[in-house]
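>>> predicted model, plus sequence, below.
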There are 2 protein chains.
Amino acid sequence: MLKNMNFIEKLRETGLRPTKQRVKICEILFNREKTFHFTINDLAKKISEELNEKISLATVYNTVHALQKKGYLKEISINSHKSYFDTNTSVHHHFYDEDTQQLIDCDENEIETVNVKKNITGKKINSVEVLVRVASDNQNQN
Amino acid sequence: MLKNMNFIEKLRETGLRPTKQRVKICEILFNREKTFHFTINDLAKKISEELNEKISLATVYNTVHALQKKGYLKEISINSHKSYFDTNTSVHHHFYDEDTQQLIDCDENEIETVNVKKNITGKKINSVEVLVRVASDNQNQN
DNA sequence: CAACAGTTTAGAATAATTATAATATATAAT
DNA sequence: ATTATATATTATAATTATTCTAAACTGTTG
Ligand SMILES: [Mn+2]
Ligand SMILES: [Mn+2]
Ligand SMILES: [Zn+2]
Ligand SMILES: [Zn+2]
């Protein structure tokens, strides 16, 4: 799904009924320049801010999981206490800012292709992803 | 902490009172050849199998967190639905078997050092870790 | 307009983790 | 050794995130 799409059409094509809740959630998720990394709570908060009518929390969960199942969202595990979703569903690397708990996507060219030398018999590699944890550099800061 | 240590001494040195619960948990965690990757549930199950007297679940949580705080255990996030701990506290890479949900440590020589070209101003890199997801290769399997 | 499957919703249920506060234990002080 | 103190364990309650339930509602199809 891309920016400024007709989500009604897109949802229907995908096999999801374009309810007003789903269209609104798609607008919040996909009508943006950059990748969006969010928790269900982030999303629910955004919805209640940007919308006059409320969407039930169960619907937010249902919709996020439906979109994930259809391949429009990817679940990211960084912090075992928080479940993140990502509008970038490709295999890709992340920076994780430990101060702000924000995820940032890494462009292909920002991390050299990882060379995995080991292989496990009978198993194939599904993905190779790098997580770079960063935090504020307190060296020159009293 | 290493294999066959005197955990009573070790715990005391660390500033933790060597209660019989803690010593037993240390034996289960650290008296082994290889790194141990576990969930609280895995550990609680092992305890109840290997021990005649029970250890309360609260104590298992308390002890794991105490050991983590002292730097003897590291929390690993792979699966947002499960919280893993790791007796290997160094920065290191993992294979994750999606069939069995097992983590496997990666030796230094099995993955080439990852070259991170990007840097974020004001932030320093704390760790660079790779996660290789593997699953059974169903190509030659009817 | 039916008719029907799919969706939303409030609220209940579940599960993992953390908090509470009484009891027990380890260590330090006498 | 006895006592005093800080720490730890425990059963149980509370909290939190997520999922389930079942009734009401809505989108689609004919
Ligand atoms: Mn999920
Ligand atoms: Mn934790
Ligand atoms: Zn991403
Ligand atoms: Zn490990």
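Yes, it's here. Numbering: from 1, shown residues only, chains lettered A, B, ... in the order given. Ligands and ions are numbered 1, 2, ... in the order given.
>>> number of nearby residues for the residue nearest to A:Tyr61 when sequence neighbours are not counted?
Distances taken as CB to CB, 6 or more residues apart in numbering or on different chains put A:Ile40 closest to A:Tyr61, at 6.3 Å, once the chain neighbours are dropped. The way it works is simple: take the backbone N, C-alpha and C, and place the C-beta from them, glycine included. As a burial measure, A:Ile40 scores 16 neighbours (other CB atoms under 10 Å in any protein chain shown).
>>> cool, and the one 5 residues further on?
Neighbourhood size, A:Lys45 [other CB under 10 Å]: 12.
>>> in which helix or strand does it reside?
helix A:40-50 (DSSP states H and E).
>>> and that helix, what's buried?
Within helix A:40-50, the residues that count as buried by 16 or more other CB atoms under 10 Å in any protein chain shown are A:40, A:43-44, A:46-47.
>>> what segments of chain A are helices?
With DSSP state H as the definition, chain A shows helices at residue ranges A:7-14, A:20-30, A:40-50, A:57-69.
>>> please identify the most buried of those helices.
Scoring the helices of chain A by mean neighbour count under mean count of other CB atoms under 10 Å in any protein chain shown gives helix A:20-30 as the most buried, with a mean of 18.
>>> hmm, who's touching that one?
Contacts with helix A:20-30, where a contact means CB atoms under 8 Å, 6 or more residues apart in numbering or on different chains, come from A:1-3, A:5, A:7-8, A:10-11, A:16, A:36, A:38, A:43, A:46-47, A:50-51, A:55, A:59-60, A:63-64, A:66-67, A:72-73, A:87.
>>> do that again at 10 Å, thanks
Under the criterion CB atoms under 10 Å, 6 or more residues apart in numbering or on different chains, residues A:1-8, A:10-11, A:16, A:18-19, A:36, A:38, A:43-44, A:46-47, A:49-51, A:53-56, A:59-60, A:62-64, A:66-67, A:72-73, A:85, A:87 lie in contact with helix A:20-30.
>>> does that helix reach DNA strand C?
Yes. Helix A:20-30 is in contact with DNA strand C by CB under 7 Å from any atom of the strand, via A:21-22.
>>> so where's chain A uncertain?
A:1-5, A:139-142 (pLDDT under 70).
>>> who's in contact with the most centrally placed residue in it?
Closest residue to the average C-alpha location of chain A: A:Asp86 at 0.8 Å, with CA atoms, centre = their mean. The contact partners of A:Asp86, by CB under 10 Å, 6+ apart, come to A:35-38, A:68, A:73-76, A:92, A:94, A:103, A:105.
>>> distance check, it against A:Ser136.
Applying CB to CB, to the nearest Å, the value for A:Asp86 to A:Ser136 is 24 Å.
>>> and the longest strand seen in chain A, how far out from the chain middle?
Looking only at chain A and at elements set by DSSP state E, the strand with the highest residue count is strand A:123-136. In this view, strand A:123-136 has its centroid 15 Å away from the chain centroid, taken as CA atoms, centre = their mean, to the nearest Å.
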